[in-house]
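Build me a structure from this.
(4 chains)
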4 protein chains.
Amino acid sequence: MTEHKNNIRMTADEVTVFLEKIFPQVDMGGRVIVIEEIVPLGARIRMIYHERLLRPGGTISGPSMFMLADVGVYAALLGAIGPIPLAVTTSLNINFLRKPAANDMLARVRILKLGKRLAVAEAALYSDGEEAMVAQATATYSIPPETTEVV
Amino acid sequence: MTEHKNNIRMTADEVTVFLEKIFPQVDMGGRVIVIEEIVPLGARIRMIYHERLLRPGGTISGPSMFMLADVGVYAALLGAIGPIPLAVTTSLNINFLRKPAANDMLARVRILKLGKRLAVAEAALYSDGEEAMVAQATATYSIPPETTEVV
Amino acid sequence: MTEHKNNIRMTADEVTVFLEKIFPQVDMGGRVIVIEEIVPLGARIRMIYHERLLRPGGTISGPSMFMLADVGVYAALLGAIGPIPLAVTTSLNINFLRKPAANDMLARVRILKLGKRLAVAEAALYSDGEEAMVAQATATYSIPPETTEVV
Amino acid sequence: MTEHKNNIRMTADEVTVFLEKIFPQVDMGGRVIVIEEIVPLGARIRMIYHERLLRPGGTISGPSMFMLADVGVYAALLGAIGPIPLAVTTSLNINFLRKPAANDMLARVRILKLGKRLAVAEAALYSDGEEAMVAQATATYSIPPETTEVV
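Alright, predicted model coming up:
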């Protein structure tokens, strides 16, 4: 495990293509999620503004932010360990801090632990162009045992 | 606050109508969320199966379950304290326990604390017709100060 | 795994003895934690009042309630899968609902999922003799791979 | 509220003294918690090694880490808003990432939101001298309404 912690197994473009193949719903008549950057143990993901993502008052809805955090963590894991379609979220804790604007949102993801069976990551969510964090999430992913063979 | 803890301020039908008015997105070309029952400090909510709710493998997606838990807690609060459009989720913790079937899902919500400023509730999510819990969520809602006048 | 889900592998007394052996700190000059009951996929645990457990204002401290929830979940797991010293908490989410009295506290634990590698349980905490829940916790435990041989 | 977000209302020494006055339990026959630094919207806290903090295997126990995270967030709030004895933790989510050594631990706390009624902060916990994060916590504090008069 040690060695892959500082490597990147998939580029941002590869992760985007992989996600579109396995999450066709993410495409709501046009791409919604874009992986902007994969770094060692981290990623930056953009959710492109779309009125389907709104909730009353014109702000991005809670489920949309949940989706951004969850997909963001998955993208960072793909970047770190390669294409593992079976990794699943086992828990996610999200704090909503401020109302986001009706605008693109960004998630900055950092993997805190990358174990053989469990990964833990945090995602900081921002409205594009704003400094104040809009939401903070921590997610746990279960990594299937056959991972070492898949990768 | 004491008195309303055992009363119901809105019926299931009233909550459904209220939600559709303030959450038009919940209607994805047909009603998706139905408030089946409001009880003192609790509610039962149904999410009607729709392929938009799926994720790869044919199971209901994480964001859809997040939405069911979040709307379910909001519905239970509306039932307990009346129509307060400004109540907002401040945090939500969700544990994914089993893969749900491609089927309707139910949320059983119980309000654990109904304070003047904060409410805490838990939601147990099930696939319709199954006994095993699919996901468990705990959510915190902030209740705006002007609530006592609104209600 | 299926079969043990309705069985009890350790009695309440066996769990109490096991805990005292591996958690000598729990004994603060007298027994603090007592396993009162082990049921299939659940347990009831008592934390005996001791002034060391207090925080300012004379209420039981947050760390003490954390400990009760955490040990309670561990006790329920021991009851369900037998003596596994290596199981570790991977995450715990706790909501503090009301101030507890300076009194014994009880935890009612229910295992929501008992997988091969992960277990999820919730703990409802009460002041002895009171009806209102004082705190609610959800915990995830990682179960070591060698478990099947140990059990 | 805006103005105090970049100010410090109490120094590290003032916070340490305040905590010892209101949390005498923190002193287990010698100081256990030391506030090392208060910065705008943040703090660094040290938990001095003591065998009472251990769990089996010689690692720092979960309740001890919970306490460090919780007190650390409280210290950062005191630094940001001044001496408010009534602020209470409403929820805390903690992820245990690695086994800590039998050594001092440090918490680096960052306040993510400082509202009139709610504050949210995260605490990153480390073993002294180690780079890898041992635990990550997110906590929500309720700030009493009379705060503006107290401060």
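
show me where chain A has helices.
Here chain A has its helices, by DSSP state H, at A:12-22, A:62-81, A:147-150.

Report the separation between A:Gly72 and A:Gly115.
Using CB to CB, to the nearest Å, A:Gly72 is found at 19 Å from A:Gly115. Any C-beta I mention is one placed from the backbone N, CA and C, and that applies to glycine too.

Looking at those two, which has the bigger crowd around it?
The residue with more neighbours, out of A:Gly72 and A:Gly115, is A:Gly72; 29 against 13, by other CB atoms under 10 Å in any protein chain shown.

wait, isn't that one in contact with A:Tyr126?
No. At 11.6 Å, A:Gly72 does not count as touching A:Tyr126 under the criterion of CB atoms under 8 Å.

right, is stretch A:32-46 up against chain B?
No. Using CB under 8 Å from any CB of the partner chain, stretch A:32-46 stays clear of chain B, with a minimum separation of 11.6 Å.

Show me what that stretch is in contact with.
Residues outside stretch A:32-46 that contact it (CB atoms under 8 Å, 6 or more residues apart in numbering or on different chains): A:5-8, A:10-13, A:15-16, A:19, A:26, A:47-48, A:50, A:53, A:68, A:71-72, A:75-76, A:79-80, A:104-111, A:114, A:128.

Make a PyMOL selection of the buried ones in these.
Buried residues among those (16 or more other CB atoms under 10 Å in any protein chain shown), as a PyMOL selection:
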select buried, chain A and resi 8+10+12+15+16+19+26+47+50+53+68+71+72+75+76+79+80+104+105+106+107+108+109+110+111+114
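
List, out of the contacts of stretch A:32-46, those positioned next to chain D.
Of the contacts of stretch A:32-46, not one also sits near chain D (CB under 8 Å from any CB).

Dump stretch A:84-99 to PDB, keeping only the CA atoms.
Output in PDB follows, covering the C-alpha atoms of stretch A:84-99 (Å, rounded to 0.1, in the frame of the first residue of the first chain):
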ATOM      1  CA  ILE A  84     -12.400   0.000  -8.800                       C
ATOM      2  CA  PRO A  85     -16.000   0.100  -9.600                       C
ATOM      3  CA  LEU A  86     -17.100  -1.700  -6.500                       C
ATOM      4  CA  ALA A  87     -15.900   0.700  -3.800                       C
ATOM      5  CA  VAL A  88     -18.900   1.900  -1.900                       C
ATOM      6  CA  THR A  89     -19.700   4.700   0.500                       C
ATOM      7  CA  THR A  90     -20.300   3.300   3.900                       C
ATOM      8  CA  SER A  91     -20.900   6.600   5.700                       C
ATOM      9  CA  LEU A  92     -21.000  10.300   5.000                       C
ATOM     10  CA  ASN A  93     -21.200  13.200   7.500                       C
ATOM     11  CA  ILE A  94     -21.900  16.600   6.000                       C
ATOM     12  CA  ASN A  95     -22.100  20.000   7.700                       C
ATOM     13  CA  PHE A  96     -23.900  22.800   5.800                       C
ATOM     14  CA  LEU A  97     -22.200  26.100   6.700                       C
ATOM     15  CA  ARG A  98     -23.500  28.800   4.400                       C
ATOM     16  CA  LYS A  99     -26.000  29.100   1.600                       C
END
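
which parts of that stretch are buried?
For stretch A:84-99, by 16+ other CB under 10 Å, it's A:84, A:87-98.

Could you pick out the one among those residues with the lowest pLDDT?
Within the set of those, pLDDT is lowest for A:Ile84 (79).

ok, that one to chain D distance?
20 Å (CB to the nearest CB, to the nearest Å).

Can you read off the backbone torsions of that residue?
With angles defined as degrees, to the nearest 10, A:Ile84 sits at phi -120, psi 90.

I'd say it and A:Leu77 touch.
Yes. Counting by CB under 8 Å, A:Ile84 touches A:Leu77, with 7.4 Å between them.

hmm, back to that, can you list residues touching both of A:Gly72 and A:Tyr126?
A:Ala107.

which residues does the spatially closest residue to A:Glu130 that is not a sequence neighbour contact?
Ranked by CB to CB, 6 or more residues apart in numbering or on different chains and with sequence neighbours excluded, the top spatial neighbour of A:Glu130 is A:Ala101, at 7.1 Å. Counting by CB under 8 Å, 6+ apart, A:Ala101 makes contact with A:Thr59, A:Ser127, A:Glu130.

Quick one: neighbours of A:Ile22, just the number.
Residues lying near A:Ile22 (other CB under 10 Å) number 13.

For it, give its distance to chain C.
In this view, A:Ile22 and chain C are 23 Å apart by CB to the nearest CB.

Please tell me I have it right and A:Pro100 contacts A:Met133.
No. The criterion here is CB under 8 Å, and A:Pro100 misses it with A:Met133 at 10.2 Å.

shared neighbours of the two, which are they?
Contacts common to A:Pro100 and A:Met133, judged by CB under 8 Å, 6+ apart, are A:Leu125.

which of these two has more neighbours?
A:Pro100 (28 against 18).

How about the contacts made by the more buried one?
Applying CB under 8 Å, 6+ apart, we find A:Pro100 in contact with A:Thr59, A:Ile60, A:Met65, A:Leu125, A:Ser127, A:Val134, A:Ala135.

Ignoring the adjacent residues along the chain, who's closest to the last one?
Nearest non-adjacent residue to A:Ala135, counting by CB to CB, 6+ apart: A:Leu125, 4.2 Å away.

Give me the neighbour count for the one you found.
28.

who's it bridged to?
Counting by DSSP bridges, A:Leu125 forms beta bridges with A:Ala107, A:Ala135.

ok, of the contacts of A:Ala101, which come out buried?
Buried among these (16+ other CB under 10 Å): A:Thr59, A:Ser127.

Mind putting the contacts of A:Ala101 into a markdown table with pLDDT?
Shown next, in a markdown table, are the contacts of A:Ala101 (pLDDT from 0 to 100):
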| residue | pLDDT |
| --- | --- |
| A:Thr59 | 81 |
| A:Ser127 | 97 |
| A:Glu130 | 95 |
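
rewinding a little: most widely separated two among the contacts of A:Pro100?
Pairwise distances across these (CB to CB) peak at 12.3 Å, for the pair A:Thr59 and A:Leu125.

Kindly list the main-chain dihedrals of the residue nearest to A:Glu130?
Phi and psi for A:Ala101, reported as degrees, to the nearest 10, are phi -80, psi 170.

which sections of chain A are below the confidence cut-off?
Within chain A, the segments meeting pLDDT under 70 span A:1-6, A:23-30, A:54-57, A:146-151.

redo that, cut-off 80
Low-confidence segments of chain A, defined by pLDDT under 80: A:1-6, A:22-31, A:50-58, A:84-86, A:145-151.

Show me the beta-bridge partners of A:Glu37.
As for beta bridges, A:Glu37 partners with A:Arg44 under DSSP bridges.

what about it, distance to chain C?
Separation of A:Glu37 from chain C (CB to the nearest CB): 27 Å.

Next, count neighbours for that residue.
14.

next one: A:Glu51
Around A:Glu51 there are 9 residues (other CB under 10 Å).

One more: A:Gly129?
A:Gly129 - counted by other CB under 10 Å - has 9 other residues nearby.

picking up where we left off before, so which of the buried residues of stretch A:84-99 reach chain B?
Answer for these near chain B (CB under 8 Å from any CB): A:Val88, A:Thr89, A:Thr90, A:Ser91, A:Leu92, A:Asn93, A:Ile94, A:Asn95, A:Phe96.

Which residue is the nearest non-sequential neighbour of A:Tyr126?
A:Leu106 (4.9 Å).

now do A:Ser64
A:Leu53 (4.0 Å).

So for A:Ile84 and A:Leu77, which residues contact both of them?
With CB under 8 Å, 6+ apart as the test, A:Ile84 and A:Leu77 both reach A:Ile143.

List the contacts of the residue nearest the centre of chain A.
Central residue of chain A (CA atoms, centre = their mean): A:Gly72, 0.5 Å from the mean position. Under the criterion of CB under 8 Å, 6+ apart, the neighbours of A:Gly72 are A:Ala43, A:Ile45, A:Ala107, A:Val109, A:Ala123.
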